[in-house]
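A.B. asks: Predicted coordinates and the sequence they were generated for:
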Amino acid sequence: MNNLTLKKLNSDLKFVYSDNNSISVIFQNNDLLMGVVGEFNSNLQELEKITNTNLYFRGNSIIIKGKEGKNEIIKNAIQFLAEQFINNGSIEKKDILSSINKFMIEEKNNKSNQNIEYIIKTPKKSVIPRSERQKNYVRALKESDVVISTGPAGTGKTFLAVAVALTMLLEKKIERIILSRPAVEAGERLGFLPGDMKEKVDPYLRPLYDSFYDLLDYEKIQKKIEVGDIEIAPLAFMRGRTLKNSFAILDEAQNATDTQIKMFLTRIGENSTIVINGDPSQIDLPNKNLSGLTRTKKLLGHLNEISFVDFDHTDVVRHPLVSKIVKAYSDQKAD
């Protein structure tokens, strides 16, 4: 693939991973979309027949629904067909078969190294996703503009997001990382707490600092905070801003209201990623119905451009007992 074709593919295609074992291939160019789909959906029907997978053509997207490993092969095949259309102006039946064979052979050859693409290399350690959902999450963090994840503590929601963000910052793919969380334990009435602003908010943001210190030396993190490459602030401080060339993470989002989550989501600017994480079972708001996290998923679930990942107790990577504790409380709630 030449550089011109690669650049065009990167601008014309986006991939969004959903937690229901589906991938949405979103086309920014309608001519390219129609070329890949084919007349009367003929190309999609041929792909379905060859792979025994369900493909749906909706709006400006092709939605792949099948087994996880096969989904990735079909995603790559669609990308290959898009490349063919850009280069040749048409897609022939033999191209469809070639696209599947090409990636099935690659999948077989690379099976022993299938986790390499998910490894996040940071200066202090390499971070490796432990579960399939964590792999989907890392993939979404790298490829989607907006990612919303829910699940219990210990599933890696914040840590993996920080690891991906830090890698992108060090590789100069973004200019800054912004981490935020609602200071709900203080009712966000920070003026009543002693000390300057940093002293007021630091106790509530300490878990975010800890994630960074696990991945990069303390002195280097402090330097990046001082120069503004890394910003850690309460959610209330996000109002009125536009985040460009940034990776922004809202942690503990179960303690944010509808209005606050909407405000955070609408901060997104050019070349930016927004990540919202939370645990609906740990709402600290006086009125739990005020939590906007669950409602946000219902409101935005139809948007193919947003990736949703739902973790459960099987994804917990802390002490093995933590997973059992989480499951016990979850089962009690279900009863």
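C.D. replies: Received the coordinates, thanks.
A.B. asks: So I232 lies in a strand, does it not?
C.D. replies: Yes. Counting by DSSP: H, G, I helix; E, B strand; the rest coil, I232 is located in a strand.
A.B. asks: So what sits opposite it in the bridge?
C.D. replies: With DSSP bridges as the criterion, I232 is bridged to L179.
A.B. asks: what about it, distance to N101?
C.D. replies: Distance check for I232 against N101: by C-beta to C-beta, to the nearest Å, it reads 49 Å. For glycine as for every other residue, the C-beta is placed from the backbone atoms N, C-alpha and C.
A.B. asks: Looking at those two now, which is surrounded by more residues?
C.D. replies: I232 (22 against 12; other C-beta atoms under 10 Å).
A.B. asks: pretty sure the more buried one contacts D210?
C.D. replies: No. Look at I232 against D210 with C-beta atoms under 8 Å: they stay out of range, at 11.1 Å.
A.B. asks: Okay, and S149 sits in which element?
C.D. replies: S149 belongs to strand 146-150 when assigned by DSSP states H and E.
A.B. asks: List the strands paired with that strand, with their directions.
C.D. replies: Strand 146-150 pairs in its sheet with strand 273-278 (parallel), strand 306-310 (parallel), by DSSP bridges.
A.B. asks: just how off-centre is it within its chain?
C.D. replies: Remark: strand 146-150 is offset 6 Å from the chain centroid, using C-alpha atoms, centre = their mean, to the nearest Å.
A.B. asks: Strand 230-234 and the helix or strand following it, what's the angle between them?
C.D. replies: Moving toward the C-terminus from strand 146-150, the next helix or strand (DSSP H and E) is helix 157-170. Angle of helix 157-170 versus strand 230-234, following axes from the mean of the first three to the mean of the last three C-alpha atoms, to 10 degrees, is 140 degrees.
A.B. asks: tell me the mean pLDDT over helix 157-170?
C.D. replies: The predicted model assigns helix 157-170 a mean pLDDT of 94.
A.B. asks: again with stretch 131-148
C.D. replies: In this model, stretch 131-148 has a mean pLDDT of 92.
A.B. asks: Then stretch 70-78?
C.D. replies: Across stretch 70-78, pLDDT averages out at 86.
A.B. asks: just the CA coordinates of it, formatted as CSV?
C.D. replies: The C-alpha trace of stretch 70-78 is given here as CSV (Å, rounded to 0.1, in the frame of the first residue of the first chain):
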residue,chain,number,x,y,z
LYS,A,70,-13.5,-13.8,12.3
ASN,A,71,-14.8,-10.2,12.8
GLU,A,72,-11.2,-8.9,12.7
ILE,A,73,-10.5,-10.9,9.5
ILE,A,74,-13.6,-9.4,7.8
LYS,A,75,-12.7,-5.9,9.0
ASN,A,76,-9.2,-6.3,7.4
ALA,A,77,-10.8,-7.7,4.2
ILE,A,78,-13.2,-4.7,3.9
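A.B. asks: How about residues contacting it?
C.D. replies: Outside stretch 70-78, the residues that touch it by C-beta atoms under 8 Å, 6 or more residues apart in numbering are 15, 21-23, 25, 36, 47, 51, 53, 55, 62, 64-66, 96, 99-100, 102-104, 107.
A.B. asks: mind listing what's buried in the longest helix along the chain?
C.D. replies: Longest among the helix segments of the chain by residue count, using DSSP state H, is helix 68-88. Under the neighbour-count criterion of 16 or more other C-beta atoms under 10 Å, helix 68-88 has 70-86 buried.
A.B. asks: okay, the strands paired with strand 146-150, which one's buried deepest?
C.D. replies: strand 273-278 (a mean of 26; mean count of other C-beta atoms under 10 Å).
A.B. asks: what inclination does the helix or strand just after that strand have with respect to strand 273-278?
C.D. replies: As assigned by DSSP H and E, the chain's next helix or strand after strand 273-278 is helix 293-300. Calculated by the same axes, to 10 degrees, helix 293-300 forms an angle of 130 degrees with strand 273-278.
A.B. asks: Helix 293-300 packs against which elements?
C.D. replies: strand 146-150, helix 258-265, strand 273-278 (3 or more C-beta pairs under 8 Å, 6 or more residues apart in numbering; DSSP states H and E).
A.B. asks: Columns distance to I249 on top of these, output as JSON lines?
C.D. replies: What follows is the helices and strands packed on helix 293-300, written out as JSON lines (distance: least, C-beta to C-beta, whole Å):
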{"stretch": "strand 146-150", "distance to I249": "9"}
{"stretch": "helix 258-265", "distance to I249": "10"}
{"stretch": "strand 273-278", "distance to I249": "5"}
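A.B. asks: out of the ones you listed, which comes closest to K125?
C.D. replies: strand 273-278 (20.6 Å; C-beta to C-beta).
A.B. asks: Now tell me what touches that closest one from outside.
C.D. replies: By C-beta under 8 Å, 6+ apart, strand 273-278 touches 141, 144-150, 157-158, 161, 165, 174, 243, 246-256, 261, 264-265, 267-268, 293, 296.
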